[in-house]
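> here is my input, please return the structure:
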Amino acid sequence: MEAVKYRNRLRRYLRFPLYMLIIFLIGCIAVSFVDKRVAGIMTGFVALYGILCFAYYRVNLKSFKNTIIEYAIHYGTVQKELIKNFRLPYVLLDSTGRIMWMNEEFSTIVDKSKILNKSITSIFSEITREGIEHAKEDNFDIHVEYNERKYLACLQRLDVTEPLTGSPLVAEMDDTSDGLVAIILFDETDIQATKAKINDQAMVMALLYIDNYDEVFDQVENAKRSMLLALLDRKINKYFGEADAIVRRLEKDKYLIMFQKKFLSQFEDDKFSIVEDITTIKMGNDKDITVSLGIGLGSESYTQKAEYSHMAIDLALARGGCQTVVKNGQHVSYYGTHGKEVERTTRVKARVKAQALREIMETRDRIIVMGHNLSDADCLGASVGVYCAGREIGKPVNIVIDTITSSMRPVVESFTEKSEYPDDMFITSEQALNLCNDNTLIMVVDTNRPSYVECPGLLYKNKNIVVIDHHRQVEEIIENPILSYIEPYASSASEMIAEVLQYFADKININPTEADCIYAGILIDTNNFMTKTGVRTFEAAAFLRRNGAEVTRVRKMLRENMETYKARAEIVRNARVYRDAFAISECESDGTIESPTVVGAQAANELLNIVGIKASFVLTKYNDRIYISSRSIDEIDVQSIMTRLGGGGHVNIAGAQVQNRTLDEVREDLENIIDIMLEEGEIKL
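All right, here's what the predicted structure looks like:
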């Protein structure tokens with residue numbers, strides 16, 4: 001296009017005398033109408049002008065052409081020399097990536113005698129055949145490395161059929177080649193080093209909270225409290241002092257820490273050992289001091305980093321404390337999650353949440369409560385507890401259950417067969433969506449993940465959401481609930497609801513059927529009070545017992561049929577031991593078992609009774625998903641294993657749901673995760 005433009009411009013320049021001659025003739029004709037004598041004289045001069053122009057053009061035509069040719073040759077030579085001596089490395093490739101020509105600057109980077117006629121990939125492995133094909137269609141850039149130097153390679157298609165000639169660095173071009181690709185290299189080693197330095201010097205903000213400050217210091221003598229606090233300060237300052245960090249105490253149990261980002265990898269390599277080191281401090285305290293650490297980065301704004309650190313520490317506390325959470329933008333990492341959740345003996349938080357919940361419920365026309373899909377005893381027990389609270393203040397409550405499993409059918413029938421309960425106490429997801437309006441309260445119990453709830457559509461139809469759960473939080477959470485009560489140290493959601501009911505009213509009315517249902521939720525999730533039980537668990541059970549819960553009646557209600565019992569025994573019999581410590585089995589959902597996921601969870605509990613088994617995993621395929629139930633006693637953190645499979649839970653009880661995978665593939669993924677965690681030291685046998 002440029003050549004055509006210059007050719008047209010030159011043609012107009014050469015034809016200019018002809019254009020002027022035409023103008024003069026027109027002028028002569030015009031003058032002839034006024035004075036023919038003057039017009040004749042003008043015509044003579046115009047004829048002379050034309051003859052002179054023609055003669056000059058004919059005489060100098062050859063010289064003019066030679067001048068243009070000489071200029072073109074000179075211009076091409078200059079252009080070739082400019083490219084040859086270009087200060088930027090420049091190389092030409094054929095369509096296959098073979099090096100055809102390079103300038104002097106490129107030859108100083110590589111050994112020209114060894115690479116000519118070879119593929120560019122032999123020098124820069126990052127430039128592939130696919131990348132060269134892509135450059136033929138659209139120019140693009142790629143980062144490459146060579147001899148410890150970093151370059152930005154700009155690939156560009158050239159519309160020529162022959163490479164530059166006249167240079168000893170030219171290779172013969174293949175006749176089948178369909179074009180050339182030019183590469184210009186920009187050395188960005190210093191730029192990248194500067195960027196890395198700036199990135200390393202970026203500020204990281206952290207918040208360190210002492211989880212159980214009051215519980216520990218209340219049991220220490222006054223004379224030793226200052227010494228204990230001094231030891232605590234010294235250990236924190238020494239650990240972060242190695243990273244040249246600024247450590248400032250904000251309150252008696254809160255610290256603000258700031259350090260450079262380059263030290264973050266150092267802390268990550270030792271898994272933030274400060275969290276475990278602090279538990280070794282003893283100065284008359286029987287309880288271990290536990291701390292939580294929230295770290296925020298991933299933004300250029302200091303305000304945003306501070307917000308990330310607050311979100312991280314809130315997440316660490318919501319997961320039970322005694323761990324570190326790093327929030328890097330939208331990515332969240334967890335460290336030190338293999339410890340036991342910190343149990344709180346005080347019930348102040350439960351009282352505050354109960355009062356806040358009552359105020360919220362009183363301002364709504366209707367309450368719709370739902371748990372996770374395939375509701376279990378704990379989910380149903382917590383839902384019934386919310387029903388009792390709603391009845392206390394005269395608000396209608398609906399419980400969303402789409403699928404009633406065989407294990408839950410006796411519990412549900414204990415309500416539906418009695419006339420004192422409304423027909424719409426239990427509703428489906430479709431009915432719930434029809435009932436929901438702007439003044440409806442949505443309560444989610446026994447889960448905090450939006451993808452696990454019985455009716456996800458309710459979360460998007462209404463923003464008045466309350467979450468009550470006992471599972472550790474992960475990255476996927478229900479956004480912006482108006483009230484969130486998540487306590488991972490609690491044994492079950494039913495235990496949490498039982499505590500809330502005690503403070504919901506001075507004398508709340510709970511009949512024996514409702515107390516049995518809530519009690520059953522605690523019983524199942526604690527495996528008959530053998531796992532994750534604390535003082536408050538038994539206090540909640542005692543409260544339900546005072547309200548009419550009967551252990552014998554609950555046991556009869558939770559009995560199972562012979563087919564289910566045989567299926568559980570078959571799962572245990574077919575279990576395989578992996579790495580001499582992990583029992584892995586599969587539950588075949590062939591239609592004979594109505595609630596295979598429940599059977600799988602029960603079998604996982606049974607497998608822990610085998611000598612040498614430290615953790616058990618049961619995989620169940622049901623409704624196009626693979627459900628994983630995992631259990632351990634005290635040595636293995638199964639929650640961290642399930643997190644890598646997209647699930648969650650507690651240290652000793654956890655699970656996951658996997659889609660678009662087969663049983664064999666999920667089993668292989670599980671074994672690979674165990675191997676990786678053993679190598680990384682996350683699991684110790």
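> rest of the way, CA atoms for contacts and neighbours
Will do.
> what's the helix or strand containing Q502 packed up against?
Taking DSSP states H and E as the criterion, the element that holds Q502 is helix 493-504. Helices and strands touching helix 493-504, as assessed by 3 or more Cα pairs under 8 Å, 6 or more residues apart in numbering; DSSP states H and E, comprise helix 348-362, helix 377-392, strand 465-469, helix 512-525, helix 535-546.
> that one to helix 377-392, inter-axis angle?
Put simply, helix 493-504 runs at 20 degrees to helix 377-392, going by axes from the mean of the first three to the mean of the last three Cα atoms, to 10 degrees.
> for the stretch 301-450 of the chain, which segments are assigned as strands?
Listed in chain order, the strands of the stretch 301-450 of the chain (DSSP state E, counting those that start in this stretch) span 324-328, 331-335, 366-370, 397-400, 426-427, 440-445.
> quick one: R553 is in a helix?
Yes - when the secondary structure is assigned by DSSP: H, G, I helix; E, B strand; the rest coil, R553 falls within a helix.
> per-residue confidence at it?
What the model reports as pLDDT for R553 is 88.
> contacts only, for it.
D516 (Cα atoms under 8 Å, 6 or more residues apart in numbering).
> where in the stretch 201-350 of the chain is pLDDT low?
Scanning the stretch 201-350 of the chain for pLDDT under 70 picks out 337-346.
> same deal with the stretch 51-200 of the chain?
Screening the stretch 51-200 of the chain residue by residue with the criterion pLDDT under 70, one finds the ranges 65-66, 68-86, 112-117, 135-137, 159-179.
> strands along that one, start to end?
With strands called from DSSP E, counting those that start in this stretch, the stretch 51-200 of the chain shows them at 90-93, 99-102, 140-146, 149-158, 180-187.
> out of the ones you listed, nearest to V535?
For these, distance to V535 was read as Cα to Cα. The smallest value, 59.8 Å, belongs to strand 140-146.
> which elements pack onto that closest one?
Using 3+ Cα pairs under 8 Å, 6+ apart, strand 140-146 sits against strand 149-158.
> pairing partners for the strand it packs on, with directions?
Strands that pair with strand 149-158, judged by DSSP bridges, come out as strand 140-146 (antiparallel), strand 180-187 (antiparallel).
> still on that earlier bit, in JSON lines: the strands of the stretch 301-450 of the chain, plus distance to R234 and mean neighbour count.
JSON lines is the format used below for the strands of the stretch 301-450 of the chain (distance: least, Cα to Cα, whole Å; neighbours: other Cα atoms under 10 Å):
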{"stretch": "strand 324-328", "distance to R234": "19", "mean neighbour count": "25"}
{"stretch": "strand 331-335", "distance to R234": "22", "mean neighbour count": "15"}
{"stretch": "strand 366-370", "distance to R234": "48", "mean neighbour count": "25"}
{"stretch": "strand 397-400", "distance to R234": "52", "mean neighbour count": "25"}
{"stretch": "strand 426-427", "distance to R234": "57", "mean neighbour count": "18"}
{"stretch": "strand 440-445", "distance to R234": "42", "mean neighbour count": "25"}
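> dump these into CSV; add distance to L18 as well.
Formatted as CSV, the strands of the stretch 301-450 of the chain follow (distance: least, Cα to Cα, whole Å):
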stretch, distance to L18
strand 324-328, 75
strand 331-335, 75
strand 366-370, 93
strand 397-400, 94
strand 426-427, 95
strand 440-445, 89
